[in-house]
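J.: take a look and give me a structure for this.
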Amino acid sequence: MKAIVLLSGGLDSLVTLGQALANGRQVLTLTFDYGQRHAIEIDAARAIAAYYRVQNKLITIDQSTFCEAKCSLTGGAAASTYVPARNTLFLAYAAGQAEIIEAGEIYIGANRADRTGFPDCRPEFIHAFQGVLDQGTKIPARILAPLLELEKSDIIKLGMRLGCPLELSWSCYNPQKTKPCHTCDACRLRINAFRAVEDEAEKTRSHCS
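T.: Sure, this is the predicted structure:
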């Protein structure tokens, strides 16, 4: 079966791609350039797609779409990293691509950690958008969010089990040229999650010894 995978270049989308491929899907990945400050993630998405030898399609959304948003990711001074209706737009593009290539599934990396600040990562949103596809497309694709109930550390462990190249992913929202800042919310979440996985592994080793 063909599938569309939303691939930002981040950790979540990488593991989501790994899961889609583990499910035996023939994948087209979609990456979006919407004027984000952390555009280095686009390079990460390309590297991940190249690693897996899957097609990666870059879709450019006019930067003026989000230029007035009070969001630090698109150049605003606000601390918020919420981009209005971003996943709504991404899934709409994915739905069109799914019909074009006759893909039966669309994979998105929404997860439990994102629910508080991002309403378009919640189960209710995924369910509602599935209804949009069911009513608004001739051959509705099924939206799959395999990480929906997982915390960040669980996502890392799943990625390890799937053999995902976690080192290729990019999480930083405020990059210093080609290096992560290690201080933004995304960096701290990633660092803490990896630390939790390492601590758990160390406890397991200590218990076994």
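J.: make it CA atoms for all contacts and neighbour counts henceforth
T.: Fine.
J.: quick one: the strands in this protein, in order.
T.: With DSSP state E as the criterion, the chain has strands at 2-6, 26-33, 55-60, 105-107, 142-144.
J.: pull up the pairing partners for the fourth one, direction included.
T.: When you say that, I think you mean strand 105-107. strand 2-6 (parallel), strand 142-144 (parallel) (DSSP bridges).
J.: what's it in contact with?
T.: For strand 105-107, the external contacting residues (C-alpha atoms under 8 Å, 6 or more residues apart in numbering) are 2-6, 16-17, 20, 94-95, 98, 141-146.
J.: filter those residues to the buried ones?
T.: When the contacts of strand 105-107 are checked for burial by 16 or more other C-alpha atoms under 10 Å, the buried set is 2-6, 16-17, 20, 94-95, 98, 141-146.
J.: any regions of this protein where pLDDT drops low?
T.: Under the criterion of pLDDT under 70, the regions of the chain flagged as low confidence span 67-68, 70, 72-79, 209.
J.: at 80 instead, please
T.: Along the chain, the model assigns pLDDT under 80 to residues 37-38, 64-82, 177, 206-209.
J.: for it, what spans make up the helices?
T.: Per DSSP state H, the chain has helices spanning 11-22, 40-52, 86-101, 123-136, 152-162, 185-208. These are given in chain order.
J.: want to throw those into a markdown table with distance to residue 168?
T.: A markdown table is the format used below for those (distance: least, C-alpha to C-alpha, whole Å):
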| stretch | distance to residue 168 |
| --- | --- |
| helix 11-22 | 9 |
| helix 40-52 | 6 |
| helix 86-101 | 22 |
| helix 123-136 | 27 |
| helix 152-162 | 12 |
| helix 185-208 | 13 |
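J.: ranking those helices by burial, who's on top?
T.: Stretch with highest mean neighbour count among the helices of the chain: helix 11-22 (a mean of 23; mean count of other C-alpha atoms under 10 Å).
J.: this completes my enquiry, with thanks.
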